[in-house]
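# Predicted model and sequence below, questions to follow.
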Amino acid sequence: MSEADKKDLPTFAPISTRVVPRFAGVPTFLRLPVHADPRDVDVLICGAPFDGGTTFRPGARFGPRAVRVASALGRGHSPERGVSLFSQLRCADGGDILCVPMSAERSLANIAERTYEIASARAVPLVVGGDHTITLGTLRGLHRVHGPLGLVHFDAHSDTFGPAWDIDLHHGTVFRHALREGLLRPADVLQIGIRGPFTAADDLEFAKQAGIRVVMIDEVKADRAAVARAVAEVSARGPCYVSFDMDGVDPAYAPGTGTPVPGGLTSYEALQLLRAVSGGQVVGADVVELSPDHDVSGITALLAVSVLGEVLAALAQAKSNQPNT
């Protein structure tokens with residue numbers, strides 16, 4: 001699309017709070033315009049309201065709606081990176097991807113197709129879940145465009161586990177499937193915040209055998225700077241995906257999730273590590289496992305908004321550093 005054509009498009013930035021107060025208007029992600037065509041934007045934020053892969057507390061299907069409401073408090077300037085997000089990025093709310101509550105397979109197929117469509121248009125998909133099962137769909141779609149991906153993954157769980165009740169596809173098996181399907185580059189997979197207790201002694205065996213790096217929560221607490229350097233390195237080595245499970249954060253800071261695990265990241269630690277992401281190679285990201293029914297105060301949804309903001313800041317900083325063409 002030529003620059004002349006772009007001038008005829010709407011402004012893909014949040015509506016000003018001086019025009020419409022934060023508490024007014026129809027909720028959209030970050031108060032952005034709703035726009036379906038990824039060819040017109042740099043980033044398209046889509047909901048994936050599926051929680052059919054949940055093994056404990058359901059409700060993540062309502063995550064996108066909660067994030068839209070909470071994101072009225074989102075803001076557009078990152079002082080840490082020194083960049084204004086929407087002066088660099090054309091962003092829109094791409095609506096929700098059709099997810100079928102009774103069928104993980106159909107839901108993942110729809111997510112993969114929409115993600116492929118967005119990536120093919122050279123836009124970056126940011127997907128709001130939904131449980132972590134949805135990530136398999138986004139990785140499949142992105143793989144068709146970018147090939148095997150690196151991964152920066154925040155979570156309490158490795159999600160490389162085995163079947164549950166003889167069902168092999170659920171939110172705890174996502175990255176085992178992704179690795180077996182060749183969607184990821186194992187040497188460039190970084191899992192952050194993993195912790196016990198575990199169900200069995202061999203719960204991390206597949207992850208270890210696959211050659212990915214599992215950063216236990218104690219390692220983060222002992223040397224967060226070293227983990228941040230690893231985040232920067234992995235996110236810069238070829239096309240990379242960022243996946244943020246809200247249960248990676250301690251339930252004191254993020255209670256609204258389906259499988260909370262005490263002893264996790266603080267919200268500050270999580271955001272600091274996200275600020276280490278190098279945005280130049282990030283081709284997609286998600287934030288998942290927000291269960292609003294368990295988020296009475298709304299702080300989990302607000303943290304999810306901050307996660308989106310940090311990913312956008314990484315992308316905006318990378319674009320601001322590109323030479324003019």
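The structure has been received and is ready for your questions. Residues are numbered from 1 along each chain as shown.
# shaky segments in the chain?
The model of the chain has pLDDT under 70 over residues 1-10, 323-325.
# Mind giving me the packing neighbours of the longest helix belonging to it?
As assigned by DSSP state H, the longest helix anywhere in the chain is helix 299-320. Applying 3 or more C-beta pairs under 8 Å, 6 or more residues apart in numbering; DSSP states H and E, one finds that helix 299-320 makes contact with strand 43-48, helix 63-70, strand 77-78, strand 83-84, helix 85-88, strand 124-129, helix 267-274, strand 282-288. For every residue, glycine as well, the C-beta is placed using N, CA and C.
# How is Met102 assigned, secondary-structure-wise?
coil (DSSP: H, G, I helix; E, B strand; the rest coil).
# same deal with Val152?
Per three-state DSSP, Val152 ends up strand.
# show me what contacts it?
Residues near Val152 by C-beta atoms under 8 Å, 6 or more residues apart in numbering: 190, 192, 231, 234-235, 240-243, 277.
# Which strand residues bridge it?
Per DSSP bridges, the residues bridged to Val152 are Leu190, Val242.
# Spatially central residue in this protein, please.
Asp286 (1.6 Å; C-alpha atoms, centre = their mean).
# Next, count neighbours for the nearest residue to that residue once chain neighbours are set aside.
Nearest non-adjacent residue to Asp286, counting by C-beta to C-beta, 6 or more residues apart in numbering: Val127, 4.2 Å away. Applying other C-beta atoms under 10 Å, we find 28 residues neighbouring Val127.
# For Val174, which of the helices and strands packed on helix 299-320 is the nearest?
Of all the helices and strands packed on helix 299-320, it is strand 282-288 that lies closest to Val174, at 9.4 Å by C-beta to C-beta.
# Name the surrounding residues that touch the closest one.
Contacts for strand 282-288 (C-beta under 8 Å, 6+ apart): 48, 60, 63, 67, 115, 119, 124-132, 134-135, 138, 142, 145-146, 149, 235, 239-246, 304, 307-308, 311, 314-315, 318.
# and Gln272, what does it touch?
By C-beta under 8 Å, 6+ apart, the neighbours of Gln272 are 224, 228.
# Actually, Arg57.
Arg57 sits next to 257-259, 291, 294 when contact means C-beta under 8 Å, 6+ apart.
# about what we covered before: I figured the residue nearest to Asp286 hits Ile111, correct?
Yes - applying C-beta atoms under 8 Å as the test, Val127 and Ile111 come out as touching, 7.3 Å apart.
# what is in contact with those two at once?
With C-beta under 8 Å, 6+ apart, Val127 and Ile111 have common neighbours 48, 97, 134, 138.
# By neighbours, which of the residues you listed wins?
Neighbours here mean other C-beta under 10 Å. Within the shared contacts of Val127 and Ile111, the largest count is held by Ile134, at 35 neighbours.
# what are the bridge partners for the residue nearest to it when sequence neighbours are not counted, then?
Of all residues not flanking Ile134 in the chain, Ala48 sits nearest, at 4.3 Å (C-beta to C-beta, 6+ apart). For Ala48, the beta-bridge partners under DSSP bridges are Gly129.
# For Met216, see how far away Ala48 is.
28 Å (C-beta to C-beta, to the nearest Å).
# For Ala60, which residues are in contact?
Per C-beta under 8 Å, 6+ apart, neighbours of Ala60: 50-51, 54, 129-131, 257-258, 288-291.
# Please enumerate the strands of this structure.
Taking DSSP state E as the criterion, the chain contains strands spanning 43-48, 77-78, 83-84, 91-96, 124-129, 149-154, 184-194, 213-216, 240-245, 282-288.
# got those as a markdown table, with distance to Val227 columns?
Below are the strands of the chain laid out as a markdown table (distance: least, C-beta to C-beta, whole Å):
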| stretch | distance to Val227 |
| --- | --- |
| strand 43-48 | 26 |
| strand 77-78 | 20 |
| strand 83-84 | 23 |
| strand 91-96 | 28 |
| strand 124-129 | 23 |
| strand 149-154 | 10 |
| strand 184-194 | 6 |
| strand 213-216 | 6 |
| strand 240-245 | 14 |
| strand 282-288 | 18 |
